[in-house]
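Undergrad: Need coordinates for the following:
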Amino acid sequence: MNEPIIAMLEDDERRAERLLMRLRENFPYAIRWFNGLTCEMTEWLDVHLSETILICLDHDLNLLTDRHGSSIDPGCGRDVSDFLLQKPATCPVVIHSTNVVAATAMQESLKSHGWVVSRTTPYGDLDWVDEAWLPIIRSLLARR
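TA: Numbers count the residues shown, from 1 in each chain. Prediction:
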């Protein structure tokens, strides 16, 4: 069997740094971080979903810039959740987004398709990571 993996979509460098640090400090699993195009994450999940034990998704992603200075739309977390709707529910999903309307829509659609979904709204700069997000992750992974 392949090594269990946590997959995360987060484009904010400060948030990602804290989230990755907390995952590495607390869990012995491989981590696959996607900080850009949602299509990269869905392509990866299409191959590795069976070994993925947790998926963490942000919704709003910043525009990217290619080497010519042109803007690239990276998509949004909903692209990944829509991809997951086409797959059997295999692992928990944690949504962390300040876009409450979009995060709620993602959560409800995934739940209606059998996925275990939790959600937190970032607050207080990075306070939410330790106070809200990490306890959710601990609880979900303790059920493994």
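Undergrad: My understanding was that residue 83 contacts residue 43; is that so?
TA: No: in this structure, residue 83 sits apart from residue 43 without contact. The criterion is C-beta atoms under 8 Å, and the distance is 9.4 Å. For glycine as for every other residue, the C-beta is placed from the backbone atoms N, C-alpha and C.
Undergrad: Compare these two (neighbour count), which wins?
TA: Using other C-beta atoms under 10 Å, the more surrounded residue of residue 83 and residue 43 is residue 83, with 17 against 12.
Undergrad: out of everything not next to it in sequence, what's closest to the more buried one?
TA: Sequence neighbours aside, residue 42 is the residue nearest to residue 83 in space, at 4.3 Å (criterion: C-beta to C-beta, 6 or more residues apart in numbering).
Undergrad: Extract the C-alpha set from the helix or strand hosting that neighbour and format it as CSV.
TA: Under the assignment given by DSSP states H and E, the secondary-structure element containing residue 42 is helix 38-48. What follows is helix 38-48 as a C-alpha-only set of coordinates in CSV (Å, rounded to 0.1, in the frame of the first residue of the first chain):
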residue,chain,number,x,y,z
THR,A,38,-6.8,23.8,-9.2
CYS,A,39,-6.4,21.7,-12.3
GLU,A,40,-3.0,20.5,-11.0
MET,A,41,-4.7,19.3,-7.8
THR,A,42,-7.6,17.6,-9.6
GLU,A,43,-5.1,15.9,-12.0
TRP,A,44,-3.1,14.7,-9.0
LEU,A,45,-6.2,13.5,-7.1
ASP,A,46,-7.4,11.6,-10.1
VAL,A,47,-4.3,9.4,-9.7
HIS,A,48,-3.7,9.6,-5.9
